[in-house]
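Chemist: need the 3D shape of this:
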Amino acid sequence: APQTFDYHDWTVCKTPAWGQGPVLLQSLALLKGFDLGAMDPTGPDFVHHVVEAMKLAYADREVYYGDPDFGQIPTEALLSDGYNDERRRLIGADASLDLRPGTLPGYERQVDATMAMLAEFSGKGSVYEPTMAHLTEKKGDTVHIDVIDRWGNMVSTTPSGGWLQSSPVVPGLGFALNSRAQMFWLKDGLPTSLAPGKRPRTTLTPSLALHRGRPTLAFGTPGGDQQDQWQLPFFLRYAHHGKNLQAAIDAPLFHTTHFPGSFYPRTSEPGHIMIEASFGEATIAELRRRGHRITVADNWSVGRLTAARRDADGLMRAAATPRLMQAYAVGR
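Modeler: Model prediction:
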């Protein structure tokens, strides 16, 4: 069963907390208190508010997410109005440089233990994602697929299991470790602590959305910790600014590496944003003035989204990224 959140006329469906899916829902819960529809979708206010909301949501990911079969994950509390009304007050005029998880009653020790572990074991610097394309003639990565059939059945899937070039083979057994297993921690007592039969808290996070209760939209992307960070502005621009699927995908993209990465060596860059140059000098300068630490990326180099939609009358629509990788929107 998916984890869901109602946002204006939409119900967004994500994986539960064994994946990172609830970070997008938490970000929406924070952002619904702002008038995003009145913001320029490529302006500094939009980028600032989205990034600051994601920083708070991803901080909670580090503390609370894990396999719900091995202990209660307080997702409903993390998505509640009361919790997010308080958290929203942390989004100010300037960029935060701190990792700020919320503290739910009864979880104080878990918060303290996680923050102490991150302080000891997380590195600083560029975030590493183990895509080993440089070892092959053809570039490779996770893939994402959105499919809608003539009857309206929808699938959104992000299949990924391992980069065989970077995953060691178990001696004597002949199979490679799954890359996602590195997302466990070896410290006991945390939602992401290694245990037999336990699912790692993956970054895989496909999306489905209902519009006014009707199944309508499937979307997603490869990209490790960036998956929900690219999906969120796409969805907000689609929901608030009247852009069609392709225009919402083509609009300039960004992401932050403020929080610890999911892949070894779990590095973070507090306050950092990677942002496409096509946002323009004025937007980038204003974000810097607000304290964001900016790296300007080439145009068409951030994000790899695809999306498919079925209208109420059965008309199908689809769009695919022009960025970096092969992607197609196909109908028949």
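Chemist: report the central residue of the protein.
Modeler: Among the residues of the chain, the one closest to the centroid is Asp228, at 2.0 Å (CA atoms, centre = their mean).
Chemist: in terms of helices and strands, where is the residue nearest to that one when sequence neighbours are not counted?
Modeler: In space, Asp228 comes closest to Leu24 once its chain neighbours are excluded; the distance is 4.2 Å by CB to CB, 6 or more residues apart in numbering. Yep, even glycine has a C-beta here, placed from its N, CA and C like the rest. For Leu24, the enclosing helix or strand under DSSP states H and E is helix 22-31.
Chemist: same question, Leu56
Modeler: Assignment of secondary structure by DSSP H and E places Leu56 within helix 44-64.
Chemist: quick one: average pLDDT of that helix?
Modeler: Along helix 44-64, the predicted local confidence has a mean pLDDT of 98.
Chemist: same question for stretch 8-26.
Modeler: Within the predicted structure, the mean pLDDT of stretch 8-26 is 97.
Chemist: I figured the residue nearest to Asp228 was touching Lys14, is that so?
Modeler: Yes: taking contacts as CB atoms under 8 Å, Leu24 lies within contact range of Lys14: 5.9 Å.
Chemist: so what sits against both of the two?
Modeler: Between them, Leu24 and Lys14 share the neighbouring residues 205, 207, with contact defined by CB atoms under 8 Å, 6 or more residues apart in numbering.
Chemist: and the residue nearest to Asp228, how many neighbours?
Modeler: When counting by other CB atoms under 10 Å, one arrives at 25 neighbours for Leu24.
Chemist: the closest residue to Ala1 other than its chain neighbours: what secondary structure?
Modeler: Leaving out its chain neighbours, the residue that sits closest to Ala1 by CB to CB, 6+ apart is Pro16, at 7.7 Å. For Pro16, the secondary-structure state derived from DSSP: H, G, I helix; E, B strand; the rest coil is coil.
Chemist: picking that back up, how close does the residue nearest to the centre of the chain get to Gly303?
Modeler: 12 Å (CB to CB, to the nearest Å).
Chemist: check what pLDDT the nearest residue to His241 once chain neighbours are set aside gets.
Modeler: Leaving aside its chain neighbours, His241 sits nearest to Pro41 (4.9 Å; criterion: CB to CB, 6+ apart). pLDDT for Pro41: 98.
Chemist: tell me the contacts of Pro41?
Modeler: By CB under 8 Å, 6+ apart, the contact set of Pro41 is 233, 236-237, 240-241, 243, 251.
Chemist: if you rank those residues by neighbours, which is first?
Modeler: For those, the largest neighbour count, defined by other CB under 10 Å, is 25 neighbours, found at Pro233.
Chemist: ranges for the helices of the stretch 151-300 of the chain?
Modeler: Ranges of helices within the stretch 151-300 of the chain are 227-240, 245-250, 281-289, based on DSSP state H, counting those that start in this stretch.
Chemist: tell me the most buried of those helices?
Modeler: Most buried of the helices of the stretch 151-300 of the chain, by mean neighbour count (mean count of other CB atoms under 10 Å): helix 227-240, with a mean of 24.
Chemist: do I have it right that Met316 meets Ile148?
Modeler: Yes: here Met316 reaches Ile148: they are 6.2 Å apart, a contact under CB under 8 Å.
Chemist: anything in contact with each of these two?
Modeler: Between them, Met316 and Ile148 share the neighbouring residues 308-310, with contact defined by CB under 8 Å, 6+ apart.
Chemist: related to what we said a few turns ago, turn the contacts of Pro41 into a markdown table, including distance to Leu173 and pLDDT.
Modeler: As requested, the contacts of Pro41 are exported to a markdown table (distance: CB to CB, whole Å; pLDDT from 0 to 100):
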| residue | distance to Leu173 | pLDDT |
| --- | --- | --- |
| Pro233 | 43 | 98 |
| Leu236 | 46 | 98 |
| Arg237 | 47 | 98 |
| His240 | 51 | 97 |
| His241 | 52 | 96 |
| Lys243 | 50 | 91 |
| Ala251 | 47 | 98 |
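Chemist: which positions within the helix or strand bottoming out on mean pLDDT in the chain qualify as buried?
Modeler: With mean pLDDT, DSSP states H and E as the measure, the helix or strand of the chain carrying the lowest mean pLDDT is helix 108-121 (a mean of 95). The neighbour-count criterion (16 or more other CB atoms under 10 Å) identifies 110-111, 114-115, 117-118 as the buried residues of helix 108-121.
Chemist: what's the closest of the residues you listed to Trp185?
Modeler: Distance to Trp185 across the buried residues of helix 108-121 (CB to CB) is lowest for Met117, with 6.6 Å.
Chemist: give me the contacts around stretch 74-85.
Modeler: For stretch 74-85, the surrounding residues in contact (CB under 8 Å, 6+ apart) are 3, 5, 16-17, 22, 25-26, 29-30, 33, 60, 64, 102, 104, 107.
Chemist: I meant stretch 45-59, not that one.
Modeler: Stretch 45-59 is contacted by residues 22-24, 26-27, 30-31, 34, 36, 39-40, 87, 90-92, 95-96, 99-102, 225, 228-229, 232-233, 236, 254, 256, 258-259, 273, 275, 279, 283, 287, 290, 292 when judged by CB under 8 Å, 6+ apart.
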